[in-house]
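Undergrad: below are the sequence and a predicted model; questions follow.
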Amino acid sequence: MEKNLNKILHNMTKDKITLSRIKLMHPNLRKEVEGMYQLFTQALTGKAICRFAYTLRSFKEQNDLFALGRTVANPNGKTTKRPFGSIVTNARGGQSYHNFGLAFDIVLLKDTEGTGKFNKASWETNVDFDGDGKPDWQEIVTIAKQHGWEWGGDWKFTDMPHFQRTFGLSVVELSGLVQNGKVYPGTTYPIIEGKPMLV
Ligand SMILES: [Zn+2]
């Protein structure tokens, strides 16, 4: 047990990047996501850990992403068919739950050489890296859903790394709150009525 706990703490501190990205999430969610991330870490005890690749994305960052492959060339995806490369997102600034800190995207980091360095990104959703009979990715999905999160893998156009918590509000409603200044002072996080601010 103690050995296991040490490993958990080791893996937790291993990914300071994820912990710092959780701090960028909507204030109503930070405590919950920190708790969830701890559960992800406890569930994944093998050759992979969970990293949050994205959490908050500002309206400007979202618009820049929208432009990729459309008006700005995407250097990764240039083809003769699409001279500007691959399109990355269909959401403009204010059209993604990421813009309000209400979404995160995961990636697995693998320890391929067994050196304790989790340095190889993996989007394999069906690999059981810790040998407990359940693919690591699916273990994360199960925990997130238990906390009331929606998973992009359930959508018609799947977005496997994506998770969001909407509080029943559309992005249009959330944008409206931001435009009307209904935000936590000095931030761009919309005030979600009736939901306790936990942090
Ligand atoms: Zn996402």
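TA: Now that the structure is in, tell me what you want to look at. Please read these numbers as outputs of a predicted model, since none were measured by experiment.
Undergrad: just the strands in the chain please.
TA: Counting by DSSP state E, the chain has strands at residues 48-54, 103-110, 120-122, 150-151, 162-164.
Undergrad: the shortest one pairs with which strands?
TA: I take that to be strand 150-151. strand 162-164 (antiparallel) (DSSP bridges).
Undergrad: model confidence over the strand it pairs with, on average?
TA: Strand 162-164 shows an average pLDDT of 97 in the prediction.
Undergrad: centre of the chain to that strand, how far?
TA: Distance of strand 162-164 from its chain centroid, counting by Cα atoms, centre = their mean, to the nearest Å, is 6 Å.
Undergrad: dig out what the closest residue to the ion within the chain forms beta bridges with.
TA: Residue nearest to the ion within the chain (Cβ to the ion): residue 162, separated by 3.4 Å. Where C-beta positions appear, they are placed from N, C-alpha and C, glycine not excepted. Taking DSSP bridges, one finds residue 105 as the beta-bridge partners of residue 162.
Undergrad: wait, doesn't it sit right on residue 96?
TA: No. Using Cβ atoms under 8 Å, residue 162 is not in contact with residue 96, being 9.3 Å away.
Undergrad: ok, the two, which is more surrounded?
TA: Under the neighbour definition other Cβ atoms under 10 Å, residue 162 and residue 96 were set side by side, and residue 96 has more, 24 against 21.
Undergrad: find residues that contact each of residue 162 and residue 96.
TA: Counting by Cβ atoms under 8 Å, 6 or more residues apart in numbering, the contacts common to residue 162 and residue 96 are residue 103.
Undergrad: spell out which parts of the protein neighbour the ion.
TA: 105, 162 (Cβ under 5 Å from the ion).
Undergrad: could you redo the last one with a cut-off of 6 Å?
TA: 98, 103, 105, 162 (Cβ under 6 Å from the ion).
Undergrad: could you dump those residues to a markdown table with distance to residue 126?
TA: Output for those, formatted as a markdown table (distance: Cβ to Cβ, whole Å):
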| residue | distance to residue 126 |
| --- | --- |
| 98 | 25 |
| 103 | 23 |
| 105 | 18 |
| 162 | 17 |
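Undergrad: which residue ranges of this structure form helices?
TA: Assigned helices in the chain, in chain order: 2-14, 16-22, 30-43, 59-67, 136-146, 171-179 (criterion: DSSP state H).
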